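Student: Sequence unavailable; structure follows:
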Ligand code: PMP
């Protein structure tokens, strides 16, 4: 653990306990170094350049794409489209795929715990195309309701968007049966993998989905970069999302023809250093013993759940044994932001709010929650510090009363 933590410069600051990893993770030296080296040595625009710097930049950029394809077990590198992150990947689909697939009277399904990045682009696409967006409900126990999902599939939705791990709650869904059921009625299945990539091995072929979206900054990589994986036949059939340089084959004032995959969906100069940094992050993750990391994170979450359950006046939300990454709670009668500020004074970074999941918060009947979210570098001592700070808070409000 000591040597792992040493790889993260930001964690070396005294008095910092960083438990806001679902929002963004810290970055290891490898990632920072890969990006610095690009700017220090190789900086040039990619593709078409005749000079050696451009060749080096292109090699590193396309090498990052190859790494990502390996990271998610994509069958082909051209199926990996660089985007700014999950949000842009979802907007790409809700623009391009929706134009191809959605017609008046059609249906789209999104899960109840979906991030606004899934809900809003598809809601707006439904408005544009005269389709209807439905929420896949949760059970009273706080899981995604498979029976209710199957009932919704009777409407033969064109598109189903599933969030593999909820960023707000940390609970997960067994994706394979959901994907298989949706595919059986002919739906195109999109996975929001934003919270999956740092915590579990991803195999898009084994999942059986059509698209998988993720963000670099949630998997120890830089901000401003992420990827959309999609099946070749769908990506080839879809119209371009944005237009300009890079994405064209030929242009006249009357007509343009478009480049092949993946460039057709990558208009303009890409985020080159960020893509290289994301490649380095994927390499870094693939070098870790991912089973032990997942087991360690699971233990931390279990420990936090147990400790919080022992305090009076704490409500936990969807806190299951198989949760991944995050744990949501409130101190009864207290505003979540007050807890966030209190914890910050103890040097503890957590996130308090609606976590970009307002429909989920409405479902839970709360304005927001406090969320602690773990990464490979967190420790039991850090969880102890959170519990101690919350105990202090409970004492403080008790004295106040
Ligand atoms: N989906 C989920 C589940 C997320 O956690 C997030 C980020 N909080 C997003 C989508 C959006 O990701 P980004 O802001 O990196 O585009």
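Tutor: Here it is on my side, so go on. Note that the coordinates shown come from a computational prediction; the quantities given were computed from them, not determined experimentally.
Student: When you work out contacts or count neighbours from here on, use the C-alpha atoms and nothing else.
Tutor: Fine.
Student: This protein against the ligand: which residues are in contact?
Tutor: Counting by CA under 6 Å from any ligand atom, the residues of the chain close to the ligand are 23, 85, 86, 87, 115, 117, 166, 167, 192, 194, 195, 215.
Student: same thing but at 5 Å, please
Tutor: Residues of the chain found near the ligand (CA under 5 Å from any ligand atom) are 85, 86, 87, 115, 167, 194, 215.
Student: Narrow these to those in helices?
Tutor: Counting by DSSP state H, the residues of the chain next to the ligand place 86, 87 in helices.
Student: Secondary structure class of residue 327, three-state.
Tutor: For residue 327, the assignment made with DSSP: H, G, I helix; E, B strand; the rest coil gives strand.
Student: ok, it - contacts?
Tutor: 168, 169, 170, 301, 304, 305, 316, 317, 319, 371, 372, 373 (CA atoms under 8 Å, 6 or more residues apart in numbering).
Student: of the residues you listed, buried ones?
Tutor: 168, 169, 170, 301, 304, 305, 316, 317, 319, 371, 372, 373 (16 or more other CA atoms under 10 Å).
Student: nearest to residue 392, of the residues you listed?
Tutor: Proximity to residue 392 was ranked across these by CA to CA; first place goes to residue 304, at 16.1 Å.
Student: Tell me if that closest one really is in a helix.
Tutor: Yes. With three-state DSSP as the criterion, residue 304 is located in a helix.
Student: nearest residue to it other than its sequence neighbours?
Tutor: residue 383 (6.2 Å; CA to CA, 6 or more residues apart in numbering).
Student: and the one you found, how many neighbours does it have?
Tutor: By the criterion of other CA atoms under 10 Å, residue 383 has 22 neighbours.
Student: Please apply the same query to residue 174.
Tutor: When neighbours are defined as other CA under 10 Å, residue 174 has 11 of them.
Student: measure residue 338 to residue 393 for me?
Tutor: Between residue 338 and residue 393 the distance, using CA to CA, to the nearest Å, works out to 10 Å.
Student: Between those two, which is the more surrounded one?
Tutor: Ranked by neighbour count (other CA under 10 Å), residue 338 and residue 393 place residue 393 first, with 17 against 14.
Student: tell me the contacts of the closest residue to residue 196 other than its chain neighbours?
Tutor: Using CA to CA, 6+ apart and skipping residues adjacent in sequence, the residue nearest residue 196 is residue 165, 6.1 Å away. Applying CA under 8 Å, 6+ apart, we find residue 165 in contact with 171, 172, 173, 193, 194, 195, 196, 324.
Student: repeat that with 6 Å
Tutor: Taking CA atoms under 6 Å, 6 or more residues apart in numbering, we find residue 165 in contact with 171, 172, 195.
Student: My guess is the first one contacts residue 321. True?
Tutor: It stands for residue 171. No. Between residue 171 and residue 321 there is no contact under CA atoms under 6 Å: 9.0 Å.
Student: residues in contact with the most centrally placed residue in the chain?
Tutor: Nearest to the mean C-alpha position of the chain, counting by CA atoms, centre = their mean, stands residue 194 at 1.1 Å. If you count contacts by CA under 6 Å, 6+ apart, residue 194 has them with 214, 215.
Student: Next one: it, what pLDDT does it get?
Tutor: Residue 194 is assigned 98 on the pLDDT scale.
Student: need the contact list for the closest residue in space to residue 174 that isn't next to it in sequence.
Tutor: Nearest-residue entry for residue 174: residue 164, 7.8 Å, with adjacent residues in sequence omitted and distances by CA to CA, 6+ apart. The neighbourhood of residue 164, defined by CA under 6 Å, 6+ apart, consists of 172, 173, 193.
Student: I'd like to know which of those is nearest to residue 102.
Tutor: Distances from residue 102 to the contacts of residue 164, taken by CA to CA, are shortest for residue 193, at 23.0 Å.
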